[in-house]
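[1] any chance you could fold what I've pasted below:
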Amino acid sequence: MVVARVPFIAGNWKMNLDHLQAVAFVQKLHWALKDAKHDAASVEVGVFPPYTDLRTVQTLLDADKIPFALGAQDLSTQDAGAYTGEISGAFLAKLHCGYVIIGHSERRQYHAESDDVVAAKVQAALRHGLVPVICVGETAEDLEKFGASAVPVGQLEVALEGVPADADIVVAYEPVWAIGSGQAATPEQAQDVCATLRRVVGDKLGADAAARTRVLYGGSVKSGNIASFMREPDVDGALVGGASLVVDEFAAIIRFQKHVGV
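    Okay, the predicted model is just below:
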């Protein structure tokens, strides 16, 4: 089955930019993309600010009719209750968040999030109409011991347990050894793993889900290498970290997507 998947370029700001800086950044990015006549039909742009910025960014996007999707960087497994410091998916939905990153390698590493916790967060996102961006990837040690696909496949299989076949999800392959290192995976490596992850979606959710699900690559993505990744048939976009904090660089990544018509 051939399905036209709209490329998705997602900027994960991590713990950067306060709400005032966020306003300036979004305005500058929107202005930088005007010459490309950016529209969501050609490439979807998502920004994933810290929690404290979400309301401010959402208000700006709505008021100025800026066609960026809004996402959160994490959510709780719980919907409400005595969970100090946690953020419910219900709260994110009220802020018009469309997406939420789940299982990012930094959450797995620094907060000891297991595959089961990631799966519970996927279910929490779906309960509130949020599209989970499910992150999977291997460390350098995993790569040497198991190869590139084994760990991401295992992580994704658990994350998809109980997910309905018609659910809207995004999968992001982020080789941990490439994040922030300046050394990205090769396009061929990214394609091999992304194709394998698409097959996992097909095995778990069916052929239709595999055909429509966008699989992103993340790990030292920049304007100088994005073209090579986007030429690969199973790479549908990018989860961009550091480069998403630099207006001109992030805009160049987005503009190039549109230019090559992927």
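
[2] surely residue 71 touches residue 96?
    No - with the criterion set as Cβ atoms under 8 Å, residue 71 and residue 96 do not qualify as a contacting pair; they are 10.4 Å apart. Any C-beta I mention is one placed from the backbone N, CA and C, and that applies to glycine too.

[3] neighbour count: those two, which is higher?
    Using other Cβ atoms under 10 Å as the criterion, residue 71 and residue 96 rank with residue 71 on top: 24 against 15.

[4] run through who's touching the host helix or strand of the more buried one.
    Secondary-structure assignment from DSSP states H and E places residue 71 in strand 68-72. If you take Cβ atoms under 8 Å, 6 or more residues apart in numbering as the criterion, strand 68-72 is touched by 10, 26, 29-30, 40, 44-49, 51, 54, 57-58, 61, 87, 92, 95-101, 130, 133.

[5] those in strands, which ones?
    Judged by DSSP state E, the contacts of strand 68-72 include 10, 44, 45, 46, 47, 48, 99, 100, 101, 133 as members of strands.

[6] dump the residues you listed to CSV, plus distance to residue 168, pLDDT and neighbour count.
    Written out in CSV, the entries for these read as follows (distance: Cβ to Cβ, whole Å; pLDDT from 0 to 100; neighbours: other Cβ atoms under 10 Å):
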residue, distance to residue 168, pLDDT, neighbour count
10, 14, 98, 25
44, 12, 96, 23
45, 17, 97, 27
46, 13, 98, 24
47, 19, 98, 26
48, 17, 98, 27
99, 10, 98, 24
100, 12, 98, 25
101, 15, 98, 27
133, 11, 98, 29
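
[7] which of those sits closest to residue 225?
    Distance to residue 225 across the ones in strands among the contacts of strand 68-72 (Cβ to Cβ) is lowest for residue 10, with 16.4 Å.

[8] give the bridge partners for the closest residue to that closest one other than its chain neighbours, please.
    Distances taken as Cβ to Cβ, 6 or more residues apart in numbering put residue 46 closest to residue 10, at 4.1 Å, once the chain neighbours are dropped. When bridges are assigned using DSSP bridges, the partners listed for residue 46 are residue 10, residue 69.

[9] my read: residue 46 touches residue 7, true?
    No - shown here, residue 46 and residue 7 do not form a contact pair, counting by Cβ under 8 Å, at 11.1 Å.

[10] residue ranges of the strands in this structure, please?
    If DSSP E is used as the criterion, the strands of the chain fall at 8-12, 44-48, 68-72, 99-102, 131-136, 170-173, 214-217, 237-240.

[11] what sits against the nearest residue to residue 161 once chain neighbours are set aside?
    The shortest distance from residue 161 to any residue that is not its chain neighbour, by Cβ to Cβ, 6+ apart, is 5.6 Å, and that residue is residue 119. The neighbours of residue 119, taking Cβ under 8 Å, 6+ apart as the test, are 158, 159, 160, 161, 162.

[12] from residue 118, how far off is the fourth one?
    Think residue 161. Spatial separation of residue 161 from residue 118 under the definition Cβ to Cβ, to the nearest Å is 10 Å.

[13] what about those two, which has more around it?
    Under the neighbour definition other Cβ under 10 Å, residue 161 and residue 118 were set side by side, and residue 118 has more, 23 against 13.

[14] gap between the more buried one and residue 201?
    Residue 118 sits 15 Å away from residue 201, taking Cβ to Cβ as the criterion.
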